[in-house]
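Trainee: structure for this input, please:
(chains A and B)
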Amino acid sequence: MATVTDSLDDHHDHGPAKGLMRWVTTTNHKDIGTLYLIFALVMFMVGGAMAMVIRLELFQPGLQFVDPGFFNQMTTVHALVMIFGGVMPAFVGLANWMLPIMIGGPDMALPRMNNWSFWILPFAFAMLLGTFFMDGGAPAGGWTLYPPLVLQGGNGFPFMIFAIHMMGISSVMGAINVIVTILNMRAPGMTLMKMPLFVWTWFITAYLLIAVMPVLAGAVTMLLTDRFFDTTFFSAAGGGDPVLFQHIFWFFGHPEVYILILPAFGVISAIIPTFARKPLFGYSSMVYATSSIAFLSFIVWAHHMFTVGLPLQGELFFMYATMLIAVPTGVKVFNWISTMWKGSMTFETPMLFAIGFVIMFTIGGFSGLMLAIAPADFQYHDTYFVVAHFHYVLVTGAVYSIMASVYYWIPKWTGNMYSEKLGQWHFWLSTISVNVLFFPQHFLGLAGMPRRIPDYSVQFAEFNMWSSIGGFAFGLSQVFFCFIVYKTIKGGEKATDQVWEGAEGLEWTLSSPPPYHSFSTAPEIK
Amino acid sequence: MSSENAYYVPHDAKWPIIGSIGLMLFFCGFSAQLNNTPSASIVTMIGFLVLVYMMFGWFGEVIDESESGAYKSSEDASFRVGMIWFIFSEVMFFAAFFGALFYIRNFSVPWLGGDGSGAITNEYIWNGFEAMWPTNGPGEVGGQYEKMGAWGLPAINTLLLLSSGVTLTWAHWGLIANKRKQLIFGLILTVVLGIVFVGLQALEYSHGYHDLNLTMGTGVYGSTFYMLTGFHGFHVTVGAIMLTVMLVRSIKGHFTPENHFAFEATAWYWHFVDVVWLGLFVFVYWL
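Mentor: Sure thing, here's the model as predicted:
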């Protein structure tokens, strides 16, 4: 940077720098948001390609295309890439773009650190994906990294551990930035209970991130020392316990799934009122429900471990605590439905994805309730039923909400309307194919097909073929999505500032696209 | 809003990308070292130097901005909130290791000894193992060892760290009262106490490795002992470096009684490290 006084005077009419370095050195929340979103889309395609390999191998029983070791690398890295490279960066991108605008601030509170949070990620994923080319290949013990299996990996193991450390550093810095921005950058009059729900849900998400990412860091550090420095945290011979890892991992892992879904709740709470042309039903109950979910997320982790041999009291406690989560989640679903009740609804693409979210996320929620019942889980554990469950909440939940928000805000970001016709095609192609893809997996799981295997018994053949066909169609639909996004960035009908007739909030008072510095003058909040 | 009230948004940040490259080199080099790749330590070293260069550059830039008055109350508030949440993330990092320690002491070791639902494991796999603490497990991993006592060096170290908290507060009082000498002298005392602490800790490790046969490989006792005290010692080292920077800045005439966030952040960090030590002293050494 030049001198301090210089930039103080300059920065109101300061436009973006030119060329590639603009993106490398930027401190602008919209530039960084764009980087995050593009990175997430690329990772979504990388992780998607791995899913295609998985579905290709599972198209028929027997081993056709890849060897079992490589298949395990695919399932492991697919999960890591989609969670840490796809969904989380996509939501951080949305937060970067929208939070400062929604609260009427000039930028994120810590702009340089914001840049670093993003620029760690490409390097971290280069390390993670680089493990494919090492001796022993990529990690293949599942994304949950359970010892002792994960400790038997090849040379890629330490690279994966440190890639996870870097992702954690990035997430914690990003989360600190979000919290500081929300607490400190609000326009005068923007009280906490006036904030849009997307801001609220991100606030709570950031809290969860700061609370649990360091715990994951601790867990993977113990893996590293168990393999290379003779410690015995996870080995019974030395007095440790492999189950200890599972406890620590899921103490991170369960809040993590709410990290992936709470911002989605915020997005849906923004979109449904716009297209129902009614204010959100039960705003404050939404805030309290989000907080309750966050609190409960810390005391339910062992429901991922019902079959490892927990004491009976543990099984009972974690079963009931898990079921409790259905209460605040139910509050949310009923609030969305009540918002639509008697509204003047229209069904543009964002609304279609939002309604798709409400219905299909609820299906995933119900199968979650089934899994929460400890005695029933003994049957479902590690079967395709679990795979179907978490793909309903993550794909038709989190990913659908991200797509809804892209269609909802892309006119604001680019100044161009997307093609409504293509958007509707994308929604229906995705929704039909995703159900063909994941719904049969419920039946496969109930019939006893285990997850993470490249080959299976012939009685599972037909449903797997259906599932694979759905998978390929869903994959192609997302290539089509990339095309729609590209086309919208390149041009299209000009968007108005308001964009959506029923939309409320500060983002719609700015031009489309917004000026380089969002609110250099704090807006008035009614 | 007039420009003198505008929130300070820096531009053209080159340090983050340098930091990312440094991090990747450091971690890749270290990973390759663990895999016994020849000359990987050079990459680790380069990565480390890049990171040090980044920190000097980045913090230097921030200090220049601070001294030239770019930061006002709203930027100050951002730094404060940011630091508090950073310390919270550190608390959770230590919580993972303390959690492991409590789980091992309260569940995994008693279960291996035949308690509760682990009775079968004891009977069929580790028959004859009696649960106790400390332990290197039923496999007696690492061989014969002796426990690290609490009332020798660790007790002295507790005293040192607690006193360093007092001297740091005394330095802070000096800063607030604009008594520069008290500030500098207080900081020197604090840094010295911190360095002595780390030195004694190194002595204790050497005692453990050479006299007690207590190593990282001494079952779960050695694992938890070195992991917890090691990460704490690393944090004390970082804190001492931060305090040294504050000392140099104080000598250079930085900070005013009203405006000295960097000093306060360092103090918060130091007290946090202090509190972690108390937890260590009680649960790792004493009980």
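
Trainee: in stretch B:55-75, what counts as buried?
Mentor: When burial is assessed from 16 or more other C-beta atoms under 10 Å in any protein chain shown, stretch B:55-75 yields the following buried residues: B:Met55, B:Trp58, B:Glu61, B:Val62, B:Glu65, B:Ser66, B:Glu67, B:Ala70, B:Tyr71, B:Glu75. Bear in mind the C-beta positions are built from the backbone N, C-alpha and C, glycine included.

Trainee: before we move on, what about stretch B:237-246?
Mentor: Neighbour-count burial for stretch B:237-246, with 16+ other C-beta under 10 Å as criterion, is recorded at B:Thr237, B:Gly239, B:Ala240, B:Met242, B:Leu243, B:Thr244, B:Val245, B:Met246.

Trainee: format the buried residues of stretch B:55-75 as TSV; extra columns: distance to B:Ala262 and pLDDT.
Mentor: Formatted as TSV, the buried residues of stretch B:55-75 follow (distance: C-beta to C-beta, whole Å; pLDDT from 0 to 100):
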residue	distance to B:Ala262	pLDDT
B:Met55	14	97
B:Trp58	13	96
B:Glu61	13	95
B:Val62	9	95
B:Glu65	12	93
B:Ser66	7	92
B:Glu67	11	91
B:Ala70	14	89
B:Tyr71	11	91
B:Glu75	13	93
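
Trainee: so which of the residues you listed are in helices?
Mentor: By the criterion of DSSP state H, membership of these in helices covers B:Met55, B:Trp58, B:Glu61, B:Val62, B:Glu65, B:Ser66, B:Glu67, B:Glu75.

Trainee: which residues touch residue 270?
Mentor: You didn't say which chain, so I picked chain A. In this structure, A:Ala270 makes contact with A:Pro196, A:Leu197, A:Phe198, A:Ser405, A:Tyr408, A:Gly505, judged by C-beta atoms under 8 Å, 6 or more residues apart in numbering or on different chains.

Trainee: meant chain B actually
Mentor: Residues in contact with B:Trp270 (C-beta under 8 Å, 6+ apart) are B:Ser164, B:Gly165, B:Leu168, B:Thr190, B:Gly194, B:Gly239, B:Met242, B:Leu243.

Trainee: work out for me the element the residue nearest the centre of chain B sits within.
Mentor: Nearest to the mean C-alpha position of chain B, by C-alpha atoms, centre = their mean, lies B:His235 at 1.6 Å. Here B:His235 is covered by helix B:219-251, with elements defined by DSSP states H and E.

Trainee: does that helix come close to chain A?
Mentor: Yes - in this structure, helix B:219-251 sits against chain A according to C-beta under 8 Å from any C-beta of the partner chain; the contacting residues are B:Gly219, B:Val220, B:Tyr221, B:Gly222, B:Ser223, B:Thr224, B:Tyr226, B:Met227.

Trainee: neighbour-wise, which of the residues you listed leads?
Mentor: The most neighbours of any of the residues of helix B:219-251 next to chain A, using other C-beta atoms under 10 Å in any protein chain shown, belong to B:Ser223, which has 34 neighbours.

Trainee: if you skip the residues just before and after it, what's nearest to that residue?
Mentor: Setting aside the residues directly before and after it, B:Ser223 is nearest to A:Thr231 in space (C-beta to C-beta, 6 or more residues apart in numbering or on different chains), at 3.6 Å.

Trainee: name the helix or strand for residue 128, please.
Mentor: In the absence of a named chain, chain A is used. Counting by DSSP H and E, the element that carries A:Leu128 is helix A:111-130.

Trainee: show me where the stretch 1-150 of chain B has helices.
Mentor: According to DSSP state H, counting those that start in this stretch, the stretch 1-150 of chain B carries its helices in the segments B:15-34, B:40-67, B:73-103, B:109-112, B:119-124.

Trainee: which strands and helices lie in contact with the third one?
Mentor: Yep, that's helix B:73-103 we're talking about. Other helices and strands packing on helix B:73-103, by 3 or more C-beta pairs under 8 Å, 6 or more residues apart in numbering or on different chains; DSSP states H and E, are helix A:156-184, helix A:197-228, helix A:242-276, helix B:219-251, helix B:261-280.

Trainee: tell me the buried residues in that helix?
Mentor: When neighbours are counted by 16+ other C-beta under 10 Å, the buried residues of helix B:73-103 are found to be B:75-83, B:85-101, B:103.

Trainee: okay, and A:Pro61 sits in which element?
Mentor: With secondary structure defined by DSSP H and E, A:Pro61 is part of neither a helix nor a strand.

Trainee: can you count the residues close to it?
Mentor: Neighbours of A:Pro61 under the rule other C-beta under 10 Å: 16.

Trainee: what's near enough to touch it?
Mentor: In this structure, A:Pro61 makes contact with A:Asp455, A:Tyr456, A:Ser457, A:Val458, A:Phe460, A:Ala461, A:Asn464, judged by C-beta under 8 Å, 6+ apart.

Trainee: can you rerun that using 7 Å?
Mentor: Residues in contact with A:Pro61, defined by C-beta atoms under 7 Å, 6 or more residues apart in numbering or on different chains, are A:Asp455, A:Tyr456, A:Ser457, A:Val458, A:Ala461.

Trainee: in helices, which of those fall?
Mentor: Among the contacts of A:Pro61, the ones falling in helices (DSSP H) are A:Ala461.

Trainee: filter the contacts of A:Pro61 to the buried ones?
Mentor: When burial is judged by neighbour count using 16+ other C-beta under 10 Å, the buried members of the contacts of A:Pro61 are A:Tyr456.

Trainee: save the contacts of A:Pro61 as a markdown table, and put in pLDDT and distance to chain B too.
Mentor: Conversion of the contacts of A:Pro61 to a markdown table gives the following (pLDDT from 0 to 100; distance: C-beta to the nearest C-beta, whole Å):
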| residue | pLDDT | distance to chain B |
| --- | --- | --- |
| A:Asp455 | 96 | 31 |
| A:Tyr456 | 96 | 32 |
| A:Ser457 | 95 | 31 |
| A:Val458 | 96 | 37 |
| A:Ala461 | 96 | 39 |
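
Trainee: how close does the most centrally placed residue in chain A sit to A:Lys342?
Mentor: Nearest to the centroid of the C-alpha atoms of chain A, with distances taken as C-alpha atoms, centre = their mean, sits A:Val87, at 2.9 Å. Here A:Val87 is placed at a distance of 34 Å from A:Lys342 (C-beta to C-beta, to the nearest Å).

Trainee: B:Phe48 too?
Mentor: The value you get for B:Phe48 to A:Lys342, if C-beta to C-beta is used, is 64 Å.

Trainee: more neighbours, those two?
Mentor: In this view B:Phe48 and A:Lys342 are compared by other C-beta under 10 Å, and B:Phe48 has more residues nearby, 15 against 9.

Trainee: now the more buried one: closest residue in space, sequence neighbours ignored.
Mentor: Nearest residue to B:Phe48, sequence neighbours excluded (C-beta to C-beta, 6+ apart): B:Phe26, at 5.5 Å.

Trainee: ok, now which ones touch that neighbour?
Mentor: Contacts here follow C-beta under 7 Å, 6+ apart; on that basis B:Phe26 touches B:Thr44, B:Gly47, B:Phe48, B:Leu51.

Trainee: pLDDT weak spots in the stretch 1-150 of chain B?
Mentor: Along the stretch 1-150 of chain B, the model assigns pLDDT under 70 to residues B:1-5, B:117-118.

Trainee: may I see the buried residues of stretch B:55-75 organised as CSV, with distance to A:Gly19 added?
Mentor: Conversion of these to CSV gives the following (distance: C-beta to C-beta, whole Å):
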residue, distance to A:Gly19
B:Met55, 27
B:Trp58, 23
B:Glu61, 22
B:Val62, 26
B:Glu65, 25
B:Ser66, 30
B:Glu67, 32
B:Ala70, 27
B:Tyr71, 30
B:Glu75, 29
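
Trainee: what is the burial count for the closest residue to B:Thr256 other than its chain neighbours?
Mentor: In space, not counting the residues next to it along the chain, B:Thr256 is nearest to B:Asn178; the distance is 8.0 Å by C-beta to C-beta, 6+ apart. Other residues within reach of B:Asn178, judged by other C-beta under 10 Å, total 11.

Trainee: do B:Leu203 as well
Mentor: Neighbours of B:Leu203 using other C-beta under 10 Å come to 11.

Trainee: excluding sequence neighbours, find me the nearest residue to it.
Mentor: Of all residues not flanking B:Leu203 in the chain, B:Leu153 sits nearest, at 6.7 Å (C-beta to C-beta, 6+ apart).
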